[in-house]
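K.L.:
Mind folding the following:
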Amino acid sequence: MSYLQAPLYPLAAVGLAALVLGGMLALPLKRPAPLASIHEGAMRIDMTGRPELTRFQARDGTWLAYRLYAGGGERVAILAHGSSASSDEMNALGKALAAAGVTAVALDVRGHGASGARGDIGHIGQLADDLADLLGGLRAAYPAARFSLIGHSLGGGFAARIAGTPVGQNFDRFVLLSPFLGARAPTNRPGNGHWAEVDVPRIVALNILAGAGVEWGQSLPVIAYANDPAAAKFVTPVYSFRLLADYGPDFDWTKMMATIRAAGDKVRVIAGADDELMDAPAFERELKPLGAGVTVIPGVDHMGVVYDPAALAAIVAAVKREPRGS
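P.N.:
Just a heads-up that it's a prediction; the model follows:
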């Protein structure tokens, strides 16, 4: 081997790695077939009495949207919708909480509805910043209030992850509605009920780049949801890498368990026995030993947990209950 030939091997290896990563990034994202039960469930949500959108300004200058259901000032609940949805999803729950004396703030989480560009955010970590900014404004309006964070599905996973962050210290309870707790969580049904199609090669490639300090490509789409075409005007059917990374749980199940165990009695999980995306009995089996309370509502599916009267009553009770030791 000559002196001039030797350096070609590492250069060739770098070139090959670049080709492999490029190929992984180039693989197109597939769209799943529409999941009828989710669309039909969303159509059953009562939209009467839906408040107009209110806006607050986040630290980056973006105006973000929410709907305010005034119920008093002693307790305030922030509501985080499920994947691809918006604050509309929480209308029945917002009204039920307000009727029980709890002020509800239903978010259009950045990247959804009327908050920012649909399907994307500016950087990973931005959603926790947005939540902190919203809390700052609500603290000024309701200085004596105690705060709850309620999340449905992917929003439930987000609420569970927030419980283990500095922002989570502002909440004295976390109510998780049929939460998605990570791709490897034993609380999922196989394939998550065919609700989403994930571009795994692209995610792997972007994670490799992120590990090397390269943020390029994080606006690329990596997951598509099984929305009905009739809902296209109202939903966010595709997420970028950075939105998927930021909205939802910690995808390490071991870390997610540790967060829930640390929060303990502050966590309440409410799910429907007929949930087609999550394994309701698994919530009892996996989360009760961690100290979380779990309620399973008979005859309720994944979307029904945000509008069924029995589910709404259970959520209101979870928000208004006093934690042990209070």
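
K.L.:
Tell me which residues of whatever helix or strand I38 lives in come out buried.
P.N.:
Counting by DSSP states H and E, the element that carries I38 is helix 36-43. Judged by neighbour count using 16 or more other C-beta atoms under 10 Å, the buried positions of helix 36-43 are S37, I38, H39, G41, A42. Backbone N, C-alpha and C define where each C-beta goes, glycine included.

K.L.:
same deal with stretch 215-224?
P.N.:
Neighbour-count burial for stretch 215-224, counted by 16+ other C-beta under 10 Å, picks out G217, Q218, L220, P221, V222, I223, A224.

K.L.:
now that stretch: how far from the chain's centre is it?
P.N.:
Stretch 215-224 has its C-alpha centroid displaced from the chain centroid by 17 Å (C-alpha atoms, centre = their mean, to the nearest Å).

K.L.:
tell me how far the ends of that stretch are from each other?
P.N.:
One end of stretch 215-224 to the other measures 21 Å (C-alpha to C-alpha, to the nearest Å).

K.L.:
Then stretch 91-107?
P.N.:
11 Å.

K.L.:
average pLDDT across stretch 216-229?
P.N.:
Across stretch 216-229, pLDDT averages out at 96.

K.L.:
how long is it end to end?
P.N.:
Its first and final residues considered, stretch 216-229 spans 31 Å by C-alpha to C-alpha.

K.L.:
show me where the stretch 51-200 of the chain has strands.
P.N.:
Under the criterion DSSP state E, counting those that start in this stretch, strands of the stretch 51-200 of the chain are mapped to 53-57, 63-69, 75-80, 103-107, 146-152, 171-177, 196-198.

K.L.:
Save those strands as TSV, and put in mean neighbour count too.
P.N.:
Below are the strands of the stretch 51-200 of the chain laid out as TSV (neighbours: other C-beta atoms under 10 Å):
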stretch	mean neighbour count
strand 53-57	14
strand 63-69	21
strand 75-80	26
strand 103-107	26
strand 146-152	26
strand 171-177	25
strand 196-198	19
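
K.L.:
re the thing from before, could you give me the average pLDDT of the helix holding I38?
P.N.:
Model confidence over helix 36-43 averages 97 on the pLDDT scale.

K.L.:
contacting residues around it?
P.N.:
In this structure, residues lying in contact with helix 36-43 by C-beta atoms under 8 Å, 6 or more residues apart in numbering are 85, 89, 195, 226-228, 230-231, 276, 301-304, 307.

K.L.:
State the pLDDT value of P7.
P.N.:
What the model reports as pLDDT for P7 is 58.

K.L.:
Kindly report the same for A114.
P.N.:
The predicted local confidence for A114 comes out at a pLDDT of 98.

K.L.:
That one and A65 touch, don't they?
P.N.:
Yes - the pair formed by A114 and A65 meets the contact definition of C-beta atoms under 8 Å, at 3.9 Å.

K.L.:
anything in contact with each of these two?
P.N.:
The overlap between the contact sets of A114 and A65 (C-beta under 8 Å, 6+ apart) consists of L53, D108.

K.L.:
spatially speaking, which residue is in the middle of this protein?
P.N.:
Residue closest to the average C-alpha location in the chain (C-alpha atoms, centre = their mean): G155, at 2.6 Å.

K.L.:
Isn't D274 up against G299?
P.N.:
Yes - taking C-beta under 8 Å as the definition, D274 is a contact partner of G299 at 6.3 Å.

K.L.:
okay, those two: which has more neighbours?
P.N.:
When neighbours are counted by other C-beta atoms under 10 Å, D274 comes out ahead of the other of D274 and G299, with 15 against 11.

K.L.:
Now for the more buried one: which residues touch it?
P.N.:
Taking C-beta under 8 Å, 6+ apart as the definition of contact, the neighbours of D274 are A280, G299, V300, D301, G304.
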